[in-house]
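Enquirer: the following block contains a protein sequence and its predicted model.
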Amino acid sequence: MIEVRYSGDALWDRIETAVEKVKDRFRRVTRALNAANIPYAVIGGNAVQHWVSQVDESVVRNTQDVDIILNESDLQHAIPVLESAGFIFRQSAGISMFLDGPNAKARDAVHVVFAGKKVREDSSEPVPLIDEFVWFEDARTLPFERLIKMKLTSFRRKDQVHLLDMISIGLIDATWLDRFSPELRIRLQELLEDPDG
């Protein structure tokens, strides 16, 4: 077994740098899209941070990437706008993303999904439309109910963790069940009944 040890300061510097890189990526992409007047909505961990922090900062989790919704018709307009902000557009295995520089990995990217389209063929619901949005700081995100619906539709482990965080601070409870389709209702009920997994 190989053991690597970092001194306290070096370790915290690496952690802080990782968090700052995501924040910088988030600011650059949202400022560029705002300046070009291209509709979008921030989703994923950054959007969850916004809603959770309003209730309990101790529940806020860091995230490793930036996820946004675009209208598919705006993609060709967004490409040069985001390239001028230092991003490089790539499509791989049906996934659209903007890499953060020429040596970036997919983890160092802005991931794009398209409004009104299914992320996967087997998704029960399409990605929400971005005709309505909420501002946080200088960025746009989905209204809370649309974000929850998207998290229930994706329902990957990290989506479940985000939902459980929101349940734990009372942002979501059993009164939400009737807002969703039967399939999504079952998923939410599952989390409500067993919040500790």
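Expert: Ah, there it is.

Enquirer: which residues of this protein fall in strands?
Expert: 40-43, 66-70, 88-92, 95-99, 109-114, 134-136, 139-141 (DSSP state E).

Enquirer: let me have these in CSV, extended by distance to Lys23 and mean pLDDT.
Expert: Placement of C-beta: from N, CA and C, glycine included. Shown next, in CSV, are the strands of the chain (distance: least, CB to CB, whole Å; pLDDT from 0 to 100):
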stretch, distance to Lys23, mean pLDDT
strand 40-43, 12, 98
strand 66-70, 9, 97
strand 88-92, 20, 94
strand 95-99, 16, 95
strand 109-114, 13, 96
strand 134-136, 13, 94
strand 139-141, 11, 96
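
Enquirer: need these in TSV with distance to Val59 and mean neighbour count, can you?
Expert: Shown next, in TSV, are the strands of the chain (distance: least, CB to CB, whole Å; neighbours: other CB atoms under 10 Å):
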stretch	distance to Val59	mean neighbour count
strand 40-43	18	26
strand 66-70	19	24
strand 88-92	33	13
strand 95-99	28	19
strand 109-114	23	21
strand 134-136	16	14
strand 139-141	17	23
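
Enquirer: point to the residue nearest the middle of this structure.
Expert: By CA atoms, centre = their mean, the chain has its centre lying nearest to Gly44, at 1.5 Å.

Enquirer: in contact with that residue, which residues?
Expert: By CB atoms under 8 Å, 6 or more residues apart in numbering, Gly44 lies in contact with Thr63, Asp65, Val66, Asp67, His111.

Enquirer: please apply the same query to Arg31.
Expert: Arg31 touches Ala85, Asp138, counting by CB under 8 Å, 6+ apart.
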